[in-house]
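Student: Let me see the structure of the following:
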Amino acid sequence: MAAEPLALRQRLGEERARVLRELETIHSASPAQSASAFSEDGGHRTSTSADAIRTVELEKSLALEQTLNALLVEVEHALRKMDEGTYGLCDECGKPIAPARLEALPWANLCIDCKSKKDGKGRLRR
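Tutor: Next up is the predicted model:
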């Protein structure tokens, strides 16, 4: 059983490294893209379609960055829980998270019941 937490810790570490690499790629590309987007036309406005394309690309990049940052927070939280000895326990109810759930999603911090309740909140009931 000791190998399993070690394997999950390794997966979490690898996921953290992957997310950090992707964020670095976004950050290193963004300033150059932003600068070129506004200097390509020599300070004059480019066509509306070119502006729209740049805006969409920027929005996609920002959305990806937000998603990656949220994932990084979850992965680092799971690693902290491992260090504290609380990994595998639901943050909400304190019950154990199913091993199959942790295997599929090592950074899961809620059991299935609590996750379902959380996802159900805020939805319109008909």
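
Student: Map the structural domains onto the sequence of this protein.
Tutor: Taking automatic domain parsing as the reference, the chain has its domains at 3-85, 88-126.

Student: Any chance of JSON lines for these, columns mean pLDDT?
Tutor: Listed next are the domains of the chain as JSON lines, based on pLDDT from 0 to 100:
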{"stretch": "domain 3-85", "mean pLDDT": "84"}
{"stretch": "domain 88-126", "mean pLDDT": "89"}
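
Student: Take these and lay them out in JSON lines including mean neighbour count.
Tutor: (C-beta placed from N, C-alpha, C; glycine too.) Shown next, in JSON lines, are the domains of the chain (neighbours: other C-beta atoms under 10 Å):
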{"stretch": "domain 3-85", "mean neighbour count": "13"}
{"stretch": "domain 88-126", "mean neighbour count": "13"}
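
Student: Val56 versus the residue nearest the centre of the chain, what's the distance?
Tutor: Here the mean C-alpha position of the chain is nearest to the C-alpha of Leu71 (C-alpha atoms, centre = their mean), at a distance of 2.3 Å. To Val56, Leu71 is 23 Å away according to C-beta to C-beta, to the nearest Å.

Student: Fine by me, we can end here.
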